[in-house]
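Peer 1: this is the structure alone, sequence omitted:
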């Protein structure tokens with residue numbers, strides 16, 4: 001009797017509640033980042049701490065681009081990855097002494113690009129009617145400092161991020 005009770009208690013009730021389907025496709029390399037844009041330096045400039053009198057204050061934005069070549073027709077997304085200040089997933093953390101400020105990236109529509117998320121507006125590539133010309137596209141971006149504390153401390157404010165291009 002004890003054996004039946006133990007055996008009965010070891011059985012668990014389970015039932016499938018749903019299904020997850022994974023889909024995708026493996027394709028040839030669909031695009032190349034233009035060689036001059038694979039490693040890029042954006043000089044944000046020098047700003048006094050008084051330029052950041054409260055949380056959310058921003059510096060002037062500096063434009064930069066990431067250009068693609070040899071692309072198939074379609075939409076391409078761009079994603080930045082890097083360290084973020086605690087509680088500020090839309091800023092890149094800075095190193096070198098400055099405190100209370102981070103680097104903010106904006107897309108072509110002036111929308112903030114959260115770190116680890118795709119740029120909201122993808123770049124579209126159209127191929128010539130003959131289909132023989134490789135396509136090109138450019139992500140037009142801007143970067144600036146934004147304070148995330150009411151008090152910003154002076155110091156170097158350097159940051160970096162990696163970026164990934166994905167065919168959509």
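Peer 2: The structure has been received and is ready for your questions. It should be emphasised that the depicted structure is a prediction, and the values quoted were computed from it without experimental measurement. Residues are numbered from 1 along each chain as shown.
Peer 1: can you give me the helices in the protein?
Peer 2: 2-10 (DSSP state H).
Peer 1: show me where the protein has its strands.
Peer 2: Secondary structure of the chain (DSSP state E): strands at 32-33, 62-71, 74-81, 101-106, 123-125, 135-147, 162-167.
Peer 1: how about the ones you listed, which one is nearest residue 17?
Peer 2: strand 162-167 (30.9 Å; C-beta to C-beta). In short, each C-beta sits where N, CA and C put it, glycine included.
Peer 1: next, the angle from that closest one to strand 62-71.
Peer 2: Angle, strand 162-167 to strand 62-71, by axes from the mean of the first three to the mean of the last three C-alpha atoms, to 10 degrees: 40 degrees.
Peer 1: re earlier: deepest in the core, which of the strands of the chain is it.
Peer 2: strand 101-106 (a mean of 23; mean count of other C-beta atoms under 10 Å).
Peer 1: got the angle for that one vs strand 74-81?
Peer 2: Using the same axes, to 10 degrees: strand 101-106 against strand 74-81 is 180 degrees.
Peer 1: roughly how far is strand 101-106 from the heart of the chain?
Peer 2: Offset of strand 101-106 from its chain centre (C-alpha atoms, centre = their mean, to the nearest Å): 12 Å.
Peer 1: pLDDT on that strand, on average?
Peer 2: Averaged over strand 101-106, pLDDT sits at 95.
Peer 1: ok, residue 50 - contacts?
Peer 2: Taking C-beta atoms under 8 Å, 6 or more residues apart in numbering, we find residue 50 in contact with no residue.
Peer 1: if we use 10 Å, what do you get?
Peer 2: Each residue near residue 50 by C-beta atoms under 10 Å, 6 or more residues apart in numbering is listed here: 57, 152.
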